[in-house]
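1. my questions concern the predicted model and sequence given below.
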Amino acid sequence: MLKTKDFYLLKVYDLRGKYLGVIDDVFIDFSNGLIKGFSISNYKFFSKKNFIEASNILTIEDVMIIKELSIKKGISFKEIKDIDVRDRNNSILGILEDLIIEKRDYSIKGLIISSGIFDRIFKGKDILLHKECILGEDFILYYGNNEVKLKTLPRKKRYV
């Protein structure tokens, strides 16, 4: 599993080994739960082709190797990052912080939300399943069951 922050500033090369730039943003199709591709920041300021479709990615390890560049498709993750996440009672659960992505098919499995700085430090972050969320204009609606909660917990350092 990957997160969107794993992709930022990842170097991108084409098949011939030419350096194309670094990953700048992730583009998603929220309704289908897929990563459409990635935008890169490159040295060509007015280039329209600065987008990598997920189907054109050959490998992702220390660098990303791709077949070709194309034109942007989907919603930018930076546009919806820090958007409110609310439940059916219109209570704010937190803000969207990151996405959990399946490396095999670039599908979105979960949303990582945070309810504040102090809660993040002491309680950790909540994880919501993507299939139980709807993206609206002003917020993300979570209509899932609150009986089972997934969390990422802060690590406690052990001193030996």
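-> It's in. Residues are numbered from 1 along each chain as shown.
2. any low-confidence regions in this structure?
-> Residues of the chain meeting the criterion pLDDT under 70: 43-48, 120, 146-149, 152-160.
3. can you tell me which helix in it is longest?
-> Across the chain, the longest stretch assigned as helix under DSSP state H is helix 117-122.
4. surely residue 101 is in contact with residue 107?
-> Yes: counting by CB atoms under 8 Å, a contact exists between residue 101 and residue 107, whose distance comes to 7.1 Å. Yep, even glycine has a C-beta here, placed from its N, CA and C like the rest.
5. any chance you could map the helices in this structure?
-> Using DSSP H, helices in the chain cover 77-80, 117-122.
6. export the first one to CSV, keeping only CA atoms.
-> This means helix 77-80. The C-alpha atoms that make up helix 77-80 are tabulated as CSV, following Å, rounded to 0.1, in the frame of the first residue of the first chain:
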residue,chain,number,x,y,z
PHE,A,77,-5.5,15.9,-4.9
LYS,A,78,-4.2,19.3,-3.8
GLU,A,79,-7.7,20.7,-4.6
ILE,A,80,-9.4,18.4,-2.2
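7. any buried residues in it, and which?
-> Residues of helix 77-80 classed as buried under the neighbour-count rule (16 or more other CB atoms under 10 Å) are 77, 80.
8. domains in this protein, as residue ranges please.
-> Domain assignment for the chain by automatic domain parsing gives 2-77, 79-152.
9. now the longest one: how far from the chain's centre is it?
-> When you say that, I think you mean domain 2-77. Centroid separation between domain 2-77 and its chain, computed with CA atoms, centre = their mean, to the nearest Å, is 12 Å.
10. do you know how far residue 54 is from residue 95?
-> For residue 54, the distance to residue 95 (CB to CB, to the nearest Å) stands at 26 Å.
11. residues contacting residue 8?
-> Counting by CB atoms under 8 Å, 6 or more residues apart in numbering, residue 8 makes contact with 23, 24.
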